[in-house]
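Engineer: got a predicted structure plus its sequence, pasted below:
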Amino acid sequence: MNLKTNFIHKLFRLSFVSLFFVMVLAGCRSNDLFGDESENVSSIEVRDYDANELVTVITDPQIIEPLVEELEHAYTGSTANMDLMNPEYLLLFLDSDDHIIQEFGYYIEELSLGVVGRYHSRELGALLSVTTELHIEETE
């Protein structure tokens, strides 16, 4: 009986440790939208989605860095089989050489499509659960 009890305790501990690691790994999820370039985003070019005209450029790292982090770890809601209206803006995340790292559609109003968010990835065919509002001031 002692051997059986010892085995049950070891099995319980192993199960608990395994469950703990699964929970930790699930909490470290990442969409990997920016690959190894997430730290290299130096500006966000904001363009009118339909006219493809430059509206403004965001260069403030205090806006860019937290937004990139949020997008990297956001939950997503599939839009693959939906007929969506076009977003108001196209956001181009650029490196210091003005190469496009990533792009997203940006909706002024939050959408609720499985998740609530403003950022849409055509690459993923998904709305990202990021509601961070950008204060876009159109330059004349």
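Structural biologist: Structure received. Residues are numbered from 1 along each chain as shown.

Engineer: max-length strand in the chain?
Structural biologist: strand 100-112 (DSSP state E).

Engineer: pull out the buried residues from that strand.
Structural biologist: Neighbour-count burial for strand 100-112 flags 101-107, 111 (criterion: 16 or more other C-beta atoms under 10 Å). C-beta coordinates here come from the backbone N, C-alpha and C atoms, glycine included.

Engineer: next SSE after the lowest-mean-pLDDT helix or strand in the chain?
Structural biologist: In the chain, no helix or strand scores lower on mean pLDDT, DSSP states H and E than helix 2-27, which sits at a mean of 51. Next helix or strand after helix 2-27 toward the C-terminus (DSSP states H and E): strand 43-48.

Engineer: partners of that following strand in the sheet?
Structural biologist: With DSSP bridges as the test, strand 43-48 is paired with strand 54-58 (antiparallel), strand 89-94 (antiparallel).

Engineer: now do that strand, average pLDDT.
Structural biologist: Strand 43-48 carries an average pLDDT of 97.

Engineer: center of this protein - which residue?
Structural biologist: residue 71 (2.1 Å; C-alpha atoms, centre = their mean).

Engineer: can you classify that residue by secondary structure?
Structural biologist: helix (DSSP: H, G, I helix; E, B strand; the rest coil).

Engineer: hang on, the earlier thing: looking at the strands paired with strand 43-48, which is closest to residue 37?
Structural biologist: Across those, residue 37 has its closest neighbour in strand 89-94 (8.4 Å, C-beta to C-beta).

Engineer: ok, and what's touching the closest one?
Structural biologist: 34, 41-49, 52, 55, 64, 68, 100-106, 108, 119, 134, 136 (C-beta atoms under 8 Å, 6 or more residues apart in numbering).

Engineer: distance from the chain centre to it, please.
Structural biologist: 14 Å (C-alpha atoms, centre = their mean, to the nearest Å).

Engineer: report the angle between that strand and strand 100-112.
Structural biologist: 150 degrees (axes from the mean of the first three to the mean of the last three C-alpha atoms, to 10 degrees).

Engineer: could you give the mean pLDDT of strand 89-94?
Structural biologist: 98.
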